[in-house]
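# Sequence plus the predicted model coming up.
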Amino acid sequence: MMRYFKAIFGGFLFVTCVCAVRPAIANSDAVRFSENVNLSLRRTVDLLLRANGDSLSQIPPVRQTDAHTFLVQMEHMFDYDKLPEMLQRSFDSYHIDQPYSVAVLNCETGEVRLGYQFFDLNQPGGVPCRGRSREAGCYTLQVRFTPEVTKPQTAGNTWLLVTVGGTLAGIGFIAWTRSRNKKRPEAGPQEAPVTHSRIAFGNSWLDTANQALYNSQSTQTLTFREAKLLALFARNINQVLDRDAILKSVWEDEGVTVGRSVDVFVSRLRKMLAADPQIKITAIHGIGYKMEVHS
């Protein structure tokens with residue numbers, strides 16, 4: 001009996017420790033995200049300054065006013081028309097894929113002079129206010145990210161999860177210990193399990209296990225969600241997928257829903273698939289998207 005009690009208590013203690021570590025992991029992710037945004041904005045400012053022929057001015061520090069808002073000041077008016085592409089390229093370099101909004105503020109008054117949402121990048125008219133004349137002066141570039149919404153979990157539910165999980169872990173340990181003491185029958189040779197991690201389409205194929213896209217010209221490494229979205233399209237060739245179904249399949253099953261992110265990810269996939277003329281991802285107005293494969 002004492003052995004069983006120790007096993008149950010050990011399982012309870014293990015699950016308790018795991019749950020205690022989760023907040024520390026989340027905090028570490030937030031710190032890493034802030035660092036990557038800081039580096040992305042500094043890279044963007046450097047590119048904008050160099051585009052204006054300035055390679056000597058010091059890049060000012062990036063300020064973070066809350067968990068999702070970042071600001072950096074520029075003493076002289078930069079080329080706003082080049083900002084969207086340079087900023088998105090910098091985010092891509094640091095694997096930042098959260099939705100965001102951009103505002104160009106007057107340093108003295110805080111008045112919004114220009115701005116756009118990230119999904120404007122894929123709209124027919126593009127980013128608003130491009131090509132318009134602008135006054136010289138001091139401006140602040142503000143980037144605000146849309147936080148991923150996670151499902152709330154009460155303290156009571158957490159405690160219940162820890163208690164039940166610990167008990168089940170203990171029971172499982174007992175069953176495993178007993179099974180080791182039983183004589184096991186000799187097993188015949190078994191074939192290795194067959195995996196289905198490769199999906200072929202057009203002149204390309206996707207390795208879902210390694211999140212890699214291959215074609216005759218290149219090999220590209222995808223992010224987790226890029227690979228998941230491409231796999232969804234590849235398994236539904238020439239079928240229309242509505243936006244809600246895409247969001248539910250790629251994002252919501254992980255506890256988050258990210259509005260217009262699908263547009264940005266589709267744009268990235270189009271660039272990756274550009275080398276394969278047989279493949280085309282078409283927008284179906286008011287519905288969603290369809291991956292077309294032509295022979």
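Thanks, I have it. Given the structure is predicted, the values throughout are model-derived calculations rather than measurements.
# Quick one: the strands in the stretch 101-250 of the chain, in order.
Ranges of strands in the stretch 101-250 of the chain, per DSSP state E, counting those that start in this stretch, are 112-117, 139-145, 198-201, 204-207, 212-214, 219-221, 240-242.
# what's the longest one packed up against?
On a contact count with 3 or more Cβ pairs under 8 Å, 6 or more residues apart in numbering; DSSP states H and E, strand 139-145 meets helix 2-51, strand 69-74, strand 100-106. No exception for glycine: its C-beta is placed from N, CA and C like everyone else's.
# So which of the strands of the stretch 101-250 of the chain is nearest residue 284?
strand 240-242 (5.3 Å; Cβ to Cβ).
# Give me the average confidence score over the closest one.
In this model, strand 240-242 carries a mean pLDDT of 92.
# For it, buried residues please.
residue 241 (16 or more other Cβ atoms under 10 Å).
# Any idea how far it is from the middle of the chain?
Offset of strand 240-242 from its chain centre (Cα atoms, centre = their mean, to the nearest Å): 21 Å.
# swap in stretch 106-113?
Using Cα atoms, centre = their mean, the offset of stretch 106-113 from its chain centre is 31 Å.
# just to revisit the earlier point, with respect to residue 89, which of the strands of the stretch 101-250 of the chain lies nearest?
strand 139-145 (14.0 Å).
# between that closest one and strand 100-106, how many degrees?
160 degrees (axes from the mean of the first three to the mean of the last three Cα atoms, to 10 degrees).
# burial count for residue 235?
13 (other Cβ atoms under 10 Å).
# any idea how far it is from residue 88?
28 Å (Cβ to Cβ, to the nearest Å).
# where does the stretch 1-150 of the chain have low pLDDT?
1-26, 76-77, 124, 132-134, 148-150 (pLDDT under 70).
# correct me, but residue 229 touches residue 245?
No. The criterion here is Cβ atoms under 8 Å, and residue 229 misses it with residue 245 at 11.7 Å.
# Pick out whichever of the two has more residues nearby.
residue 229 (25 against 14).
# so who does that one touch?
246, 250, 262, 265-266, 269 (Cβ atoms under 8 Å, 6 or more residues apart in numbering).
# rewinding a little: CSV for the strands of the stretch 101-250 of the chain, including distance to residue 289?
Shown next, in CSV, are the strands of the stretch 101-250 of the chain (distance: least, Cβ to Cβ, whole Å):
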stretch, distance to residue 289
strand 112-117, 19
strand 139-145, 24
strand 198-201, 15
strand 204-207, 16
strand 212-214, 17
strand 219-221, 20
strand 240-242, 6
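# Wasn't residue 89 part of a strand?
No. Assigned with DSSP: H, G, I helix; E, B strand; the rest coil, residue 89 falls outside any strand and is helix.
# Could you report the neighbour count for it?
Residue 89 has 13 neighbours, counted by other Cβ under 10 Å.
# tell me the centre residue of the protein?
Geometric centre of the chain, nearest residue: residue 97, 4.3 Å, by Cα atoms, centre = their mean.
# so it, which of the three states?
coil.
# Phi first, then psi, for it.
Here is the backbone geometry of residue 97 (degrees, to the nearest 10): phi -120, psi 20.
# hang on, isn't it packed against residue 263?
No. Counting by Cβ under 8 Å, residue 97 stays clear of residue 263, with 11.9 Å between them.
# what sits in contact with each of these two?
Common neighbours of residue 97 and residue 263 (Cβ under 8 Å, 6+ apart) do not exist.
# For the stretch 151-295 of the chain, which residues score under the pLDDT cut-off?
For the stretch 151-295 of the chain, the stretches with pLDDT under 70 are 151-196, 253-259.
# which residues in it form helices?
155-181, 224-234, 243-250, 261-272 (DSSP state H, counting those that start in this stretch).
# so the last one versus helix 243-250, what angle?
Between the axes of helix 261-272 and helix 243-250, defined by the same axes, to 10 degrees, the angle is 80 degrees.
# How far does helix 261-272 sit from its chain's centre?
On the basis of Cα atoms, centre = their mean, helix 261-272 sits 12 Å off its chain's mean C-alpha point.
# and what of stretch 70-83?
25 Å.
# can you list contacts of that stretch?
Outside of stretch 70-83, the residues within contact range by Cβ under 8 Å, 6+ apart are 37-38, 41-42, 44-45, 47-49, 51-52, 54, 57, 59-65, 102, 104-105, 107, 114, 129-131, 134-144.
# what's the answer for stretch 96-116, then?
By Cβ under 8 Å, 6+ apart, stretch 96-116 touches 33, 36-37, 40, 71, 73, 80, 83-84, 87, 91, 117-119, 127-129, 134, 137-148, 223, 225, 258-261, 264-265.
# can I get the contacts of residue 229 in CSV with neighbour count?
Output for the contacts of residue 229, formatted as CSV (neighbours: other Cβ atoms under 10 Å):
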residue, neighbour count
246, 21
250, 23
262, 22
265, 21
266, 21
269, 21
